[in-house]
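Trainee: can't give you the sequence, but here's the structure:
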């Protein structure tokens, strides 16, 4: 029975982690931190819990076998190394260990990275791409929500022999992606009966998307990414336009079926179906649809996930399960 702790348990992703890890048969959740809720019962999130929130610096976290960080960026890169040095495995849901290039990190996050060694050792926690690397990792960087939906929609075709001209990702998110404090303060009212783009000058998830996709493709890619907020609490919906220099000899549908044949969370749409946020909400699934375009040599891919599950906590537990040798979906199906 592994002992695990969650640092940053009061946010939306932290709440999902509490639910999943509390229902995990091979896991004992022994500590959950929150500075603002310190001393209050965790049962406000899950009734069966007998824990109280503790300070994130509490020594109890060094009694864990695994520590999950569900914190804003800038925290885990300061603390993760102390756990790793003690043989405690870290699964980080923040952005701190996703972007490998230190200069790109500095540009997008306006700070020097505090743990370059950890950054070099970390494994990008997309199970559909890095399953074997994750199994042997001491420090997993869980992908962001937008990157998860975008990358899963593109992996099969970028891993084929197709030559890509450009990619445009038109992505929409429910407001929970902004975090609990932002949603509780004003965002929920602002977006009611509304729909708008944001970060039009550039979004921090773009370099993460480019890093992974260019790694799979083997050379640089022209990628345009624009996020939007929709009047829903949760979900990511990405419509992706791929302009090809040539059409692959194998059908696009067959490429996707072969690539994802052993991926339990990928659901490919049949003829006449389209992905829907409602159908992936509160699940660890990703729905992907492939569609023709009116533009020559262009393909349209649509992907949908729950940003708090497949885009955060569920994916983190997938990585945990792979490291431990458990069934990949253990704890997630029951959460």
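Mentor: Sure, I can see it. Note that the coordinates shown come from a computational prediction; the quantities given were computed from them, not determined experimentally.

Trainee: next, the buried residues of stretch 116-132.
Mentor: By neighbour count on 16 or more other CB atoms under 10 Å, the buried set for stretch 116-132 is 118-119, 122-130. Where C-beta positions appear, they are placed from N, C-alpha and C, glycine not excepted.

Trainee: among the residues you listed, which one lies nearest to residue 302?
Mentor: Among those, residue 128 lies closest to residue 302 (CB to CB), at 17.1 Å.

Trainee: where's the nearest residue to the closest one once chain neighbours are set aside relative to residue 155, distance?
Mentor: In space, and not counting its chain neighbours, residue 128 is closest to residue 263: 5.0 Å by CB to CB, 6 or more residues apart in numbering. From residue 263 across to residue 155, the span is 10 Å (CB to CB, to the nearest Å).

Trainee: need the overlap of contacts for these two.
Mentor: residue 128 (CB atoms under 8 Å, 6 or more residues apart in numbering).

Trainee: neighbour-wise, which of those two wins?
Mentor: Taking neighbours as other CB atoms under 10 Å, residue 263 and residue 155 compare with residue 155 leading, 24 against 17.

Trainee: give me the domain ranges for the chain.
Mentor: Domain assignment for the chain by automatic domain parsing gives 2-143+311-324, 146-308.

Trainee: now, of the ones you listed, which is deepest in the fold?
Mentor: Most buried of the domains of the chain, by mean neighbour count (mean count of other CB atoms under 10 Å): domain 2-143+311-324, with a mean of 20.

Trainee: now that one, how far from the chain's geometric center?
Mentor: Its chain's C-alpha centre and that of domain 2-143+311-324 lie 12 Å apart, by CA atoms, centre = their mean, to the nearest Å.

Trainee: ok, which stretches of the stretch 151-300 of the chain are helices?
Mentor: For the stretch 151-300 of the chain, the helices defined by DSSP state H, counting those that start in this stretch occupy 180-182, 188-190, 205-217, 252-259, 277-280.

Trainee: picking up where we left off before, could you dump the domains of the chain to a markdown table with mean pLDDT?
Mentor: Shown next, in a markdown table, are those (pLDDT from 0 to 100):
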| stretch | mean pLDDT |
| --- | --- |
| domain 2-143+311-324 | 96 |
| domain 146-308 | 91 |
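
Trainee: among those, which is nearest residue 333?
Mentor: Nearest to residue 333, of the domains of the chain and by CB to CB, is domain 146-308 at 8.1 Å.
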